[in-house]
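>>> 3D, please:
(one chain, ligands or ions: 2)
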Amino acid sequence: MTARQLGMVIDLNKCIGCQTCTLACKSQWTDRDGREFMYWNHVETRPGKGYPKDWEQAGGGWDGDTLRPGRLPRLHEDYGYPAEFGYEVLFEEGEKPLRPKEEMAWGPNWDEDQGAGEYPNSYFFYLPRLCNHCSNPACQVACPRQAIYKREEDGIVLIDQERCRGYRYCVAACPYKKIYFNPLAGKSEKCIFCYPRLEKGLPQACAYQCVGRARHVAFLDDQEGALHQLVNQWKVALPLHAEYGTQPNVYYVPPLSPPKIGSNGRSLDEPRVPDEYLVQLFGPGVGAALEMLREEMAKKNRGEASELMDLLIAYRHGDMFRLDRPREVV
Ligand code: SF4
Ligand code: SF4
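Ligands and ions are numbered 1, 2, ... in the order given. Alright, predicted model coming up:
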């Protein structure tokens, strides 16, 4: 337990899957050699295999007090290494399409927007993912070099690049598969929650540039902050796969969905995204969270006040980030 814990809430009802956050992160932190396949922040389509492929089946996390075994994702099969393109065809005679030199079978967002279900009841939603800066990080305990630590002042989980020897126990131990191995540097690397930006009073690049205004950042013990209010007070923001036991500090407002359409073309009393699928991701509290969201949304639609909806709408961009430091952005 650190003195304080900074966290993030991502409202899945506002995420439009634009990947602006992904690019904000990629261009700021991983746009260098050895990091071609690294996405410290990415947005995957659900239902889907995710990134790296089938990460939920790759193990890691905790089984009670014991680390659960995990496996390393494979560079080409699971991450999907960026392809080389045969640009020379552009200068040859004849119209040849520009294609990867090798046949590709997987990559980030390979199954984007596919989702599940049959028309007219097909469905999908977007799930942005980053390191959860967990309170009980399996990655930290798995490291035999004690290279991974949590900052006392904000609970950010970092890898000491001087101590890291690239053994990759942390990669296997993280159940969210949010640590990547840089083969050129021979070190493991991960999301640093933009701590250099935070130290200047700026929110994380992914949160600040989020087009959907879907991301709130605050300390968990800040009673005025969105994190406390959405997680503890309204209980509409839930951790992803809490059963992995790492106590994640990124929370999600689960997605509402339109009703299913019956064979007679009429709406059924059943949401398009199956409850059981959401329970699988966000745990048993998801039903109550969705009910609360529906009730408060109905209030707003009737023209009544709703503190919860106002908080989620986030009229003022600057209100979404409470960093307890001199703020250079509003
Ligand atoms: S999400 Fe993974 S890498 Fe991040 S702190 Fe938790 S266990 Fe470690
Ligand atoms: S920038 Fe915001 S809206 Fe766009 S994909 Fe990322 S979280 Fe979703």
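>>> Let me know whether residue 2 touches residue 149 as I believe.
No: with contact defined as C-beta atoms under 8 Å, residue 2 does not reach residue 149; the gap is 9.9 Å. (Glycine included, C-beta is placed from N, CA and C.)
>>> where does residue 297 fall, helix, sheet strand or coil?
Of the three states, residue 297 takes helix under DSSP: H, G, I helix; E, B strand; the rest coil.
>>> Need the per-residue pLDDT for it.
We have a pLDDT of 98 for residue 297.
>>> Could you look up the SS state of the residue lying closest to it once chain neighbours are set aside?
Excluding the flanking residues, the one nearest residue 297 by C-beta to C-beta, 6 or more residues apart in numbering is residue 309, at 6.3 Å. At residue 309 the chain is in helix, as set by three-state DSSP.
>>> how close does the residue in the stretch 51-200 of the chain that ligand 2 sits nearest to sit to residue 267?
At 4.3 Å from ligand 2, residue 128 is the closest residue in the stretch 51-200 of the chain, using C-beta to the nearest ligand atom. Note on residue 128: its distance to residue 267, by C-beta to C-beta, to the nearest Å, is 29 Å.
>>> give me every residue that touches the residue nearest to residue 245 when sequence neighbours are not counted.
The shortest distance from residue 245 to any non-neighbouring residue, by C-beta to C-beta, 6+ apart, is to residue 62 (3.1 Å). Residues near residue 62 by C-beta atoms under 8 Å, 6 or more residues apart in numbering: 68, 136, 138, 244, 245, 246.
>>> if I look at the residue of the stretch 151-300 of the chain found nearest ligand 1, how far off is residue 139?
Here the stretch 151-300 of the chain gets closest to ligand 1 at one residue, residue 174, 3.2 Å apart by C-beta to the nearest ligand atom. Counting by C-beta to C-beta, the gap from residue 174 to residue 139 is 5 Å.
>>> Could you do residue 185 as well?
Taking C-beta to C-beta, one finds residue 185 at 17 Å from residue 139.
>>> Can you report phi and psi for residue 224?
phi -90, psi -10 (degrees, to the nearest 10).
>>> what about stretch 306-324, near ligand 2?
No: using C-beta under 6 Å from any ligand atom, we find that stretch 306-324 stays clear of ligand 2, coming within 11.3 Å at best.
>>> Give the buried residues for that stretch.
306, 308, 309, 311, 312, 314, 320, 321, 322, 323 (16 or more other C-beta atoms under 10 Å).
>>> Pick the one among those closest to ligand 1.
Using C-beta to the nearest ligand atom as the measure, the one of the buried residues of stretch 306-324 that approaches ligand 1 most closely is residue 323, at 19.7 Å.
>>> The closest one contacts residue 217, doesn't it?
Yes: the pair residue 323 / residue 217 is scored as a contact, 6.9 Å apart, by C-beta under 8 Å.
>>> Give me the common contacts of those two.
What both residue 323 and residue 217 touch, as defined by C-beta under 8 Å, 6+ apart, is the set 6, 203.
>>> Ligand 2 next: which of the contacts of residue 62 are close?
Answer for these near ligand 2: none qualify (C-beta under 6 Å from any ligand atom).
>>> which ones among those are found in helices?
residue 138 (DSSP state H).
>>> Spatially, what comes nearest to residue 227 if we skip its sequence neighbours?
Residue 227 sits nearest to residue 218 (C-beta to C-beta, 6+ apart), 4.1 Å away.
>>> That neighbour should be in a helix, yeah?
No: going by three-state DSSP, the assignment for residue 218 is strand, not a helix.
>>> shouldn't it be in contact with residue 225?
Yes: contact criterion C-beta under 8 Å: residue 218 and residue 225 qualify, at 2.9 Å.
>>> the helices in the stretch 151-300 of the chain, which residues?
169-173, 195-198, 205-208, 226-227, 275-282, 286-301 (DSSP state H, counting those that start in this stretch).
>>> Give the bridge partners for the closest residue to residue 226 other than its chain neighbours, please.
Nearest non-adjacent residue to residue 226, counting by C-beta to C-beta, 6+ apart: residue 216, 3.7 Å away. For residue 216, the beta-bridge partners under DSSP bridges are residue 9.
>>> who touches residue 216 in this structure?
The contact partners of residue 216, by C-beta under 8 Å, 6+ apart, come to 8, 9, 11, 207, 225, 226, 227, 230, 314, 320, 321.
>>> what's the closest non-adjacent residue to the residue nearest in space to the middle of the chain?
Most central in the chain under C-alpha atoms, centre = their mean is residue 129, positioned 1.4 Å from the mean C-alpha point. Of all residues not flanking residue 129 in the chain, residue 42 sits nearest, at 6.0 Å (C-beta to C-beta, 6+ apart).
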